[in-house]
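In: have a look; sequence and predicted model below, questions after that.
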Amino acid sequence: MTLPVTAERIRTDRLTLNVLSVPGTSGEPVLFVHGNVSCSAFWRSTMASLGEGFRPYAVDLRGFGGSDPEPVDASRGVRDYSDDVLALLDRLGPVHLVGWSLGGGVVMQVLRDRPAAVRSLTLVNPVPPYGFGGTTGVDGTLNSPDGVGSGGGGANPEFVRLLREGDRSDGSPLSPRSVLRATYVAPGTDLGEEEDAFVESMLSTRVGDDHYPGDFLPSDVWPNLAPGKRGVLNSIAPTNFRIDDLHEIDPKPPILWIRGDQDVIVSDTSLFDLAHLGAIGAVPGWDGTPAQPMVAQTRAVLERYGAYREVVVEGAGHGPHLDRPAEFRAALLAHLRG
């Protein structure tokens, strides 16, 4: 049975956040955190069908959806986002946290900074613990001290333009709708009536140096783009974001790491990693820089943590809750109830 999902703007001591909930539910709270270029709307179906025993919530991060468009200080990594979530947890109390993509990095930071607030953690194709782009090896070694190959300069300018202009068509392979179909889910996935809502969710992203994609700096090292200190992509650049010490926290709530086997965004051969794009000839001038082993880096950090389980959903892309909802829900519920 699916239930109605409602939205409420909740004022915290940091900003006002748009939060979805399901009226009439009771039990342990579960907070869903969305990924980049999206908002809480991507969680509506999961929330509505979660089942008895849980109170689902989903939050819009700053600069997305209906939350306040406060600027992102990327020199703090994702802490502008995670501190906003912690301010919400001051209202909700300890929760089960579920983070997708960028949201995975945010909930890892919440866990790192306040482990007692987390009943359990679910990472859905999360940003790697060494940031997105600009590193090599399972230990997240920087390709260059300036983090070249990561940050705000890595976004495709045509995609940014179409996002800013509110393009709802599929006339370009770089329109938000086309990117949704090609990378958020596995090829051939029919999103049905929800597709239009997902496109609107993507278009709710604030565009600019303070939000998406962020600023960037020139570099003498290929691909000649280094991260800046403002905006979304810089918040997950390896010079600003690094969480490889989760094994040191106490207490250690259980972690579920769930990922699609056809993810092309967070992958050891990511189509969003400039080093991999250079290797396949999509970005000119490649100097031999190896691709970031994103999945291997996540696994190495979680193996040190210990209390985790990895679930690979066959036939799923970057959003297994979108293209394989039944399998995703079964894995999530087993984790929450366990």
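Out: Yes, it's here.
In: which stretches of the stretch 1-150 of the chain form strands?
Out: Applying DSSP state E, counting those that start in this stretch to the stretch 1-150 of the chain gives strands spanning 6-11, 16-21, 27-33, 53-59, 95-100, 118-124, 135-136, 141-142.
In: okay if I get these as CSV plus distance to residue 329, mean pLDDT and mean neighbour count?
Out: C-beta coordinates here come from the backbone N, C-alpha and C atoms, glycine included. Formatted as CSV, these follow (distance: least, Cβ to Cβ, whole Å; pLDDT from 0 to 100; neighbours: other Cβ atoms under 10 Å):
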stretch, distance to residue 329, mean pLDDT, mean neighbour count
strand 6-11, 21, 97, 13
strand 16-21, 17, 98, 20
strand 27-33, 12, 98, 22
strand 53-59, 11, 97, 22
strand 95-100, 11, 98, 27
strand 118-124, 11, 98, 25
strand 135-136, 33, 98, 24
strand 141-142, 37, 98, 15
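In: quick one: closest of these to residue 75.
Out: Residue 75 lies closest to strand 141-142 among the strands of the stretch 1-150 of the chain, at 16.4 Å (Cβ to Cβ).
In: give me the residues contacting the closest one.
Out: The contact list for strand 141-142 (Cβ atoms under 8 Å, 6 or more residues apart in numbering) reads 134, 135, 238, 239.
In: with distance to residue 292 as extra columns, can I get those in TSV?
Out: Shown next, in TSV, are these (distance: Cβ to Cβ, whole Å):
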residue	distance to residue 292
134	7
135	5
238	9
239	14
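In: state the pair within those residues that is farthest apart.
Out: Based on Cβ to Cβ, the longest span within the contacts of strand 141-142 runs between 135 and 239 and measures 9.9 Å.
In: which neighbours do these two share?
Out: With Cβ under 8 Å, 6+ apart as the test, residue 135 and residue 239 both reach 142, 150.
In: helices of the stretch 1-150 of the chain, start to end?
Out: 44-48, 79-92, 102-113 (DSSP state H, counting those that start in this stretch).
In: on contacts alone, who are the packing partners of the longest one?
Out: By that I understand helix 79-92. strand 16-21, strand 27-33, strand 53-59, helix 102-113 (3 or more Cβ pairs under 8 Å, 6 or more residues apart in numbering; DSSP states H and E).
In: tell me the mean pLDDT for that helix?
Out: Average pLDDT, helix 79-92: 98.
In: residues contacting it, please?
Out: By Cβ under 8 Å, 6+ apart, the residues outside helix 79-92 that reach it are 10, 12-15, 17, 19, 29, 31, 33, 57, 59, 61-62, 67, 70, 72-73, 95, 102, 106-107, 109-110, 113-114, 117, 235.
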